[in-house]
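In: Structure for this input, please:
(chains A and B)
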Amino acid sequence: MSTTIITSTKTTESALNRVTKISALAASMLLGVNVQSAEFEFSGRVGVEGRYFFETAQYEDQLNHGQASVFAEPEVYWGWNDGNDSVTFKPFIRADGQDSERSHGDIRELSYIHAGDDWELRAGIRKEFWGVTEFQHLVDVINQTDAVEDFDGEDKLGQQMINLSVVNDWGIVDLFLLPGFRERTFPGEDGRLRGPVRVDTDDVEYESSAEEKHLDVAARWTHTLGDFDVGTYWFHGTNRDPVLTPTFEDGEVVLKQYYNQMDQVGIDVQATIDEWLWKFETIYRGTDEEDFFATQAGFEYTYVGVFESAADLGWLVEYSWDSRGEGDFDDPGSAFQNDIFFGSRLALNDIQSSELLAGFSSDLDHNAYSFLIEASRRFGESFKGSLDVRMFQSTHDADQIYAIRDDDHVQLTWEWYY
Amino acid sequence: MTAVIKPNLQKKSGFKAILAGVTLALVSNLSFALTAEEQKGLDISKEAKLRDLGWVDSTSDMLMVLRNQQGQESIREIKMRNLEVKGDGDKSLTIFNKPRDVKGTAFLSFSHPVGADDQWLYLPSLKRVKRIASRNKSGPFMGSEFAFEDLSSFEVEKYTYKYLGDEVVHGLDSFMVEQYPVDENSGYTRRVVWIDKEEYRVQKIDFYDRKNSLLKTLTYVDYQRYLGKHWRADLMQMVNHQNGKSTELKWDNYAFKTGLEDGDFNRNSLKRVR
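Out: Numbers count the residues shown, from 1 in each chain, chains lettered A, B, ... in the order given. Just a heads-up that it's a prediction; the model follows:
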């Protein structure tokens, strides 16, 4: 088993190889122990996705209306010792008919977990999510964004890590060693949902002389105190958000990526009181270029059994603030410096788990709006269909939405789970 | 009242006799507020809970079969882990295996006899643990005819009671007890529960909706005894009389005192369990 893991990794970035080998080694070392209670599972999903952009391309080289792709995300799980030891392998691959940058693969997960009585060791490539809010994930910092997948920042690349988690009466403490960094992905020349200037993904610069091999560290504490779930952390290492600088290169202007070093502290709190979820996230980030605070806060109210049916109707309101303020051409500022978000979630609680989410965002400093609808339901036992509509509007040329103002689109996804 | 308590005392010895004595004392203090029927209803329910105490922890597999009016079926495959908590409600971990699109989703609940339960949901695709509002007692569980409250652990404090009489159900002489939910978020005005006199097992429950019309009937079939005293039904059949749909729960692989601990019911285990 360990040999197959190593072979398949060779096809991906070399940065991944080190940790992969460590976890594969750990797996093979433990292979001999207690194979009797071993549990092996193979599952996953494959899907097709179609996008239709209502308007023709805003920039040269971009695709005009239709974009089609197929994707697969199998998962192999192997657990033994009553599940206290396990190895998970979850690669992801997408082939896109129009945007060659979006045809890409990633190891979302390749990790070994050992669970002791009140501690866990997790080593390998993993995803770690932090935070409580819905419209922006401010405190979520461990994994790089897989931005070519979608523009909403929800998709993440696998991150190499060694994570020790210790459970105490006074909360859970997580310590992270993060050897190696993943560069953000961006849509290519042919892709929509990008700015006028293509991001150069080949020639990337770092503040640290160790470049993408810098060893990042993080420590996080989480605890439940009655109705409150709280978390706080400190992160030191490579900033996941690149500084993008227009550069003239080979007769073409491109955006060059520069990753600086940062220290970040974050706090996330959720109060769960009756039908109300009160959510608060805040960060302070310090880099050589600038220091800033940012906050995302709001609530979610759920009306259970609306209209005397089995359905739940939720209302979400969130507000974003960032001390960097609005951006202009000299200083990019922040995309969410004084923005408000409204959302409504309808869950029918039927056999097909039908759900509908509608969201609206508005910048309170200048003209920039976005609107989205996400609807999904199960078909039969193992198919799922999703329909997404996203619309953008802005006349303020320094807002990020301005760059994608002609990229209103509908997206249809059909997935088979096995 | 004495008639109900006495046979209990005869069966019990040592610690349990003391417990029953304490119960008797507590009950005597309160008895001025309760009618004879209410007292008897409470006593029967207490005895049913008391007889099942001491299971410590359990694991089991649950197959949920949902059927609509046309007889179309849909399957949910679920694993359960439960921990008995002395002096509080039980802890439970619910792990979904089917339908496949929710595989790996897990649900952690700390139930409390009085007040809201603490509940967390783990969403594997996002790797996100979400604390969720526990007011959702009346909502359907996974699109089935079972509400969340139908699957939560039975705690005496969750209801007030009234003994309605005796009836033979499944060939067993049974008590009929009416239960009124204390929680205003319950989807029911009342439940009528049939409990057999010999082993104090729930045989059948009628659920009445907020308008006090008969909504559902739950029937317990094929009781098995574990560790000499813990009775669990192999099959639970819920029929919704108003929409014609039904849901069957088939239980398998019951195990008790498996060594589960508090540490098996936290955020970390929620993210890891299969």
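In: what residues are up against residue 158?
Out: By default, I'm working from chain A. A:16, A:106, A:107, A:108, A:109, A:110, A:125, A:126, A:127, A:143, A:182 (Cβ atoms under 8 Å, 6 or more residues apart in numbering or on different chains). The C-beta positions use only the backbone N, C-alpha and C, and glycine is treated the same way.
In: Can you look at chain B instead?
Out: B:113, B:114, B:181, B:182, B:183.
In: Please produce a PyMOL select command covering the buried subset of these.
Out: Those of the contacts of residue B:158 that count as buried under 16 or more other Cβ atoms under 10 Å in any protein chain shown are selected in PyMOL with:
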select buried, chain B and resi 181+183
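In: Can you lay out the contacts of residue B:158 as JSON lines showing distance to chain A?
Out: Formatted as JSON lines, the contacts of residue B:158 follow (distance: Cβ to the nearest Cβ, whole Å):
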{"residue": "B:113", "distance to chain A": "17"}
{"residue": "B:114", "distance to chain A": "15"}
{"residue": "B:181", "distance to chain A": "15"}
{"residue": "B:182", "distance to chain A": "16"}
{"residue": "B:183", "distance to chain A": "12"}
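In: Which single one of the contacts of residue B:158 is nearest to residue A:394?
Out: residue B:183 (47.9 Å; Cβ to Cβ).
In: Please list all residues in contact with that closest one.
Out: B:137, B:149, B:158.
In: For residue A:216, which non-adjacent residue is spatially closest?
Out: Nearest residue to residue A:216, sequence neighbours excluded (Cβ to Cβ, 6 or more residues apart in numbering or on different chains): residue A:237, at 2.5 Å.
In: Could the C-alpha coordinates of the strand or helix carrying that neighbour be exported in PDB?
Out: Using DSSP states H and E, residue A:237 sits within strand A:228-238. Provided in PDB are the C-alpha atoms of strand A:228-238 (Å, rounded to 0.1, in the frame of the first residue of the first chain):
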ATOM      1  CA  PHE A 228     -20.500  29.600  23.900                       C
ATOM      2  CA  ASP A 229     -18.100  27.800  21.600                       C
ATOM      3  CA  VAL A 230     -14.800  29.800  21.500                       C
ATOM      4  CA  GLY A 231     -11.500  29.400  19.700                       C
ATOM      5  CA  THR A 232      -8.300  31.400  19.500                       C
ATOM      6  CA  TYR A 233      -5.000  30.900  17.800                       C
ATOM      7  CA  TRP A 234      -1.700  32.300  16.800                       C
ATOM      8  CA  PHE A 235      -0.200  31.600  13.400                       C
ATOM      9  CA  HIS A 236       3.400  32.300  12.300                       C
ATOM     10  CA  GLY A 237       4.500  31.700   8.700                       C
ATOM     11  CA  THR A 238       3.800  32.300   5.100                       C
END
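In: Would you mind pulling up the elements that that strand packs against?
Out: strand A:215-225, strand A:261-273 (3 or more Cβ pairs under 8 Å, 6 or more residues apart in numbering or on different chains; DSSP states H and E).
In: List the buried residues of that strand.
Out: Result for strand A:228-238 [16+ other Cβ under 10 Å]: buried residues A:229, A:230, A:231, A:232, A:233, A:235, A:236, A:237, A:238.
In: And for stretch B:255-263?
Out: B:256, B:260.
In: what about it, start to end distance?
Out: 19 Å (Cα to Cα, to the nearest Å).
In: can you list the residues that contact it?
Out: Residues contacting stretch B:255-263 (Cβ under 8 Å, 6+ apart): A:117-118, A:167, B:55-60, B:81-83, B:91, B:226-227, B:230, B:269.
In: Of those residues, which belong to strands?
Out: For these, the ones inside strands are A:167, B:57, B:58, B:59, B:60, B:81, B:82, B:83, B:91, B:226, B:230, with DSSP state E as the criterion.
In: For the fifth one, list each beta-bridge partner.
Out: Residues found in beta-bridge contact with residue B:60 (criterion: DSSP bridges) are residue B:80.
In: for the one 4 residues further on, same thing?
Out: When bridges are taken as DSSP bridges, the partners of residue B:64 come out as residue B:76, residue B:249.
In: got a list of what it touches?
Out: Residue B:64 neighbours (Cβ under 8 Å, 6+ apart): B:75, B:76, B:77, B:78, B:142, B:144, B:146, B:247, B:248, B:249, B:250.
In: wait, isn't the second one in contact with residue B:144?
Out: Yes: using Cβ atoms under 8 Å, residue B:76 and residue B:144 qualify as a contacting pair, with a distance of 7.2 Å.
In: hey, what's in contact with both of the two?
Out: Joint contacts of residue B:76 and residue B:144 (Cβ under 8 Å, 6+ apart) are B:64, B:66.
In: neighbours around the residue of the stretch 301-418 of chain A found nearest chain B, how many?
Out: Of all residues in the stretch 301-418 of chain A, the one sitting closest to chain B is residue A:417 (3.5 Å; Cβ to the nearest Cβ). Neighbourhood size, residue A:417 [other Cβ atoms under 10 Å in any protein chain shown]: 20.
In: swap in residue B:63?
Out: The number of residues near residue B:63, taken as other Cβ under 10 Å, comes to 16.
In: Might you report the residue contacts of it?
Out: B:75, B:76, B:77, B:78, B:249, B:250, B:252.
In: quick revisit: among the contacts of residue B:64, which one lies nearest to chain A?
Out: residue B:75 (6.4 Å).
In: Any regions of the stretch 51-200 of chain B where pLDDT drops low?
Out: When residues are selected by pLDDT under 70, none of them lie in the stretch 51-200 of chain B.
In: interface residues of it facing chain A?
Out: Neighbours of chain A within the stretch 51-200 of chain B, by Cβ under 8 Å from any Cβ of the partner chain: B:66, B:68, B:74-75, B:98-103, B:116, B:118, B:126-128, B:130-136, B:138-140, B:142-143, B:185, B:187.
In: Now for residue 185: which residues touch it?
Out: No chain specified, so I'll use chain A. Contacts of residue A:185 (Cβ under 8 Å, 6+ apart): A:101, A:104, A:145, A:146, A:147, A:148, A:149, A:157, A:201.
In: if you could check chain B rather than the one you did, that'd help
Out: A:304, B:135, B:137, B:138.
In: which stretch of helix or strand covers it?
Out: Per DSSP H and E: nothing holds residue B:185, as it lies in no helix or strand.
In: Only whichever of the residues of the stretch 51-200 of chain B next to chain A are buried, select them in PyMOL.
Out: For the buried members of these, the matching PyMOL selection, counting by 16+ other Cβ under 10 Å, is:
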select buried, chain B and resi 66+74+98+99+100+101+102+103+116+118+127+128+131+132+133+134+135+136+138+139+140+142+143+185+187
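In: Of the residues of the stretch 51-200 of chain B next to chain A, which belong to strands?
Out: B:66, B:74, B:75, B:98, B:118, B:128, B:130, B:131, B:132.
In: and residue A:262, bridged to which residues?
Out: residue A:237.
In: what's the answer for the one 4 residues further on, then?
Out: Here residue A:266 sits in beta bridges with residue A:233, residue A:283, going by DSSP bridges.
In: Surely it touches residue A:293?
Out: No: counting by Cβ under 8 Å, residue A:266 stays clear of residue A:293, with 10.6 Å between them.
In: Among those two, which residue is more densely surrounded?
Out: More crowded of residue A:266 and residue A:293, by other Cβ under 10 Å: residue A:266, with 23 against 12.
In: could you list every residue that touches the more buried one?
Out: A:130, A:138, A:139, A:141, A:231, A:232, A:233, A:235, A:281, A:282, A:283, A:284.
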